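In: below: sequence and its predicted model.
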Amino acid sequence: MTKKSKTDSAAQRPEKRKTAIANSLAQLRGQFGTGRGKDAAFTGLRPRHARLAVNAAATLGVFLFETHTAGDSLMRHLRGLGQRIRIEIKPDEDGFVGRECPNRACEGYFKVTFGTGLKGEGLPCHCPYCGTIAGHDHFWTKPQLAYIKSVAVKRIGDAVFEDLKSMEFSHPARGPFGIGISMKVRRDPSLPIRYYREKQLETTVVCEHCTLRYAIYGVFAFCPDCGQHNSIQILEKNLDVVSKMLDMAAAGDVEVAAKLVENALEDSISAFDGFGRELCRVHAAKSADACRAEKVSFQNLEGATRTVRDLFGVDLHAPLTAEEWKAALIGFQKRHLYAHRMGVVDEEYVQRTGDTSAVVGRKTRITAGEVRNLVRIVGKLAGFLSGGLGDRPSPDPQ
């Protein structure tokens with residue numbers, strides 16, 4: 001016999017004796033254990049015998065487990081997952097993926113269409129509501145994180161289950177008092193996937209600066225890609241609708257045309273009011289009084305001019321000629337008459353506008369030409385105000 005065969009034979013002897021060890025332990029339990037009755041002459045074992053039995057059983061169990069799990073296949077399913085688990089967040093039926101602002105004071109929810117907007121790696125994301133800037137990996141929504149975690153846990157759990165399943169073994173007991181050793185694995189049923197649905201939002205916007213498609217609550221917002229505020233874009237869309245209303249008025253009968261022109265007047269000033277309020281809110285931190293800046297109204301042009309000058313040092317008179325300023329005042333005041341006095345002229349209107357054609361107590365008249373001119377002037381004022389306050393605020397980075 002060679003040295004190698006002697007070594008192999010010596011190494012195999014303990015494994016061949018494992019059944020004998022198990023049976024010997026079973027005999028000890030049968031003769032000296034507490035599970036069966038004893039006669040009056042029974043004499044128990046010493047502590048050293050108990051220690052021998054316990055240590056032998058433990059050693060045998062470890063030996064069987066290590067023998068069964070030895071080899072390259074150990075935990076191969078778990079190793080097969082690699083160092084990272086890739087989990088896809090799929091867009092909703094409209095092509096959007098939800099995002100959530102990491103700023104705890106905001107936590108605003110919005111959606112973006114990936115593949116539109118700016119191109120490149122590592123680009124920041126802007127919260128459309130508060131302007132917080134951070135990496136896209138900071139804008140996961142809470143349901144998305146719960147879904148990601150549940151998928152990762154389930155994949156790991158399934159891999160561990162398969163690996164442990166392959167380690168199952170059973171060594172049945174032999175003889176009437178034998179001890180059997182086995183390992184069975186059961187799948188944990190408490191690892192569900194936490195699916196979710198993206199929320200429905202109110203306004204879809206395509207940024208004119210970077211072409212990102214995004215959805216928000218409300219109307220006004222920062223572009224999540226380039227950070228540009230969409231206030232001018234929204235105003236221009238509303239003024240385009242006003243122009244279409246005026247086109248419809250030209251093709252309608254007299255009564256319908258008159259009502260369309262009145263509505264166009266109201267809508268043009270309401271659009272400018274919403275634009276101005278939002279712009280002042282966004283830039284409130286730059287003003288002399290942030291609380292006051294968030295409450296500026298632009299339905300009264302003279303009052304708004306004074307307030308904006310006091311808060312931001314921007315004079316709305318500056319971009320307009322004298323004729324344009326007077327036309328704007330008359331247009332804003334006529335809107336006030338239609339909104340609050342059914343279009344009937346009062347003394348305040350005459351004093352504020354200097355309109356010599358107006359007669360107190362009679363209805364004023366507004367033409368499509370006046371409204372078109374007002375739309376042009378409002379657009380001019382909006383561009384000047386936006387440039388004066390700065391197109392972008394200075395949001396707090398996350």
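Out: Yes, it's here.

In: only C-alpha atoms for contact and neighbour calcs from this point on.
Out: OK.

In: can you pull out the helices in the stretch 251-398 of the chain?
Out: For the stretch 251-398 of the chain, the helices defined by DSSP state H, counting those that start in this stretch cover 254-282, 290-293, 301-312, 322-340, 347-353, 368-389.

In: residue nearest the centroid of this protein?
Out: Residue closest to the mean C-alpha point of the chain, counted by CA atoms, centre = their mean, is Arg99 at 2.2 Å.

In: relative to His317, how far out is that one?
Out: 41 Å (CA to CA, to the nearest Å).

In: cool, and Ala221?
Out: 27 Å.

In: give me the more crowded residue out of these two.
Out: Ala221 (25 against 15; other CA atoms under 10 Å).

In: my guess is the more buried one contacts Pro128, does it?
Out: Yes - counting by CA atoms under 8 Å, Ala221 touches Pro128, with 4.6 Å between them.

In: pull the contacting residues for the closest residue to Asp289 other than its chain neighbours.
Out: Once flanking residues are discounted, Asp289 sits nearest to Leu311: 6.4 Å by CA to CA, 6 or more residues apart in numbering. Counting by CA atoms under 8 Å, 6 or more residues apart in numbering, Leu311 makes contact with 287-289, 293.

In: which of those residues lies closest to Pro91?
Out: Ala293 (38.2 Å; CA to CA).

In: biggest separation within the contacts of Leu311, which pair?
Out: The widest separation within the contacts of Leu311 (CA to CA) is 8.2 Å, between Ala288 and Ala293.

In: which one's more surrounded, those two?
Out: It is Ala293, of Ala288 and Ala293, that has more neighbours when counted by other CA under 10 Å, with 25 against 14.

In: return the residues in contact with that one.
Out: 280-281, 284, 287, 311 are the contacts of Ala293 under CA under 8 Å, 6+ apart.

In: of the residues you listed, closest to Val344?
Out: For these, the nearest to Val344 is Cys280 (32.3 Å; CA to CA).

In: how about the secondary structure of Ser170?
Out: strand (DSSP: H, G, I helix; E, B strand; the rest coil).

In: just checking, it touches Val185?
Out: No - applying CA under 8 Å as the test, Ser170 and Val185 come out as separate, 11.8 Å apart.

In: before we move on, the earlier item: in terms of mean pLDDT, which of the helices of the stretch 251-398 of the chain ranks lowest?
Out: Mean pLDDT is lowest for helix 347-353 among the helices of the stretch 251-398 of the chain, at a mean of 90.

In: hang on, the earlier thing: out of the contacts of Leu311, name the ones that lie in strands.
Out: Taking DSSP state E, every one of the contacts of Leu311 sits outside strands.

In: out of those, flag the one nearest to Cys106.
Out: Ala293 (19.7 Å).

In: now the strands for this protein?
Out: 97-100, 109-112, 124-126, 133-135, 169-171, 181-183, 203-206, 213-216.

In: so for Val256, which of those strands sits nearest?
Out: It is, among these and with distance given as CA to CA, strand 203-206, at 29.7 Å.

In: picking up where we left off before, pick out the most distant pair among the contacts of Ala293.
Out: So, these by CA to CA: farthest apart are Arg281 and Leu311, at 11.7 Å.

In: between the two ends of stretch 97-117, how far is it?
Out: Terminal-residue distance, stretch 97-117 (CA to CA): 14 Å.

In: these two touch, right, Arg362 and Val345?
Out: Yes - using CA under 8 Å, Arg362 makes contact with Val345 at a distance of 5.7 Å.

In: neighbour count: those two, which is higher?
Out: Of the pair Arg362 and Val345, Val345 is the one with more neighbours under other CA under 10 Å, namely 22 against 11.

In: look up how far Glu348 lies from the closest residue to that one other than its chain neighbours.
Out: Spatial nearest neighbour of Val345, chain neighbours left out: Val360 (4.9 Å); criterion: CA to CA, 6+ apart. Taking CA to CA as the measure, Val360 falls 9 Å from Glu348.
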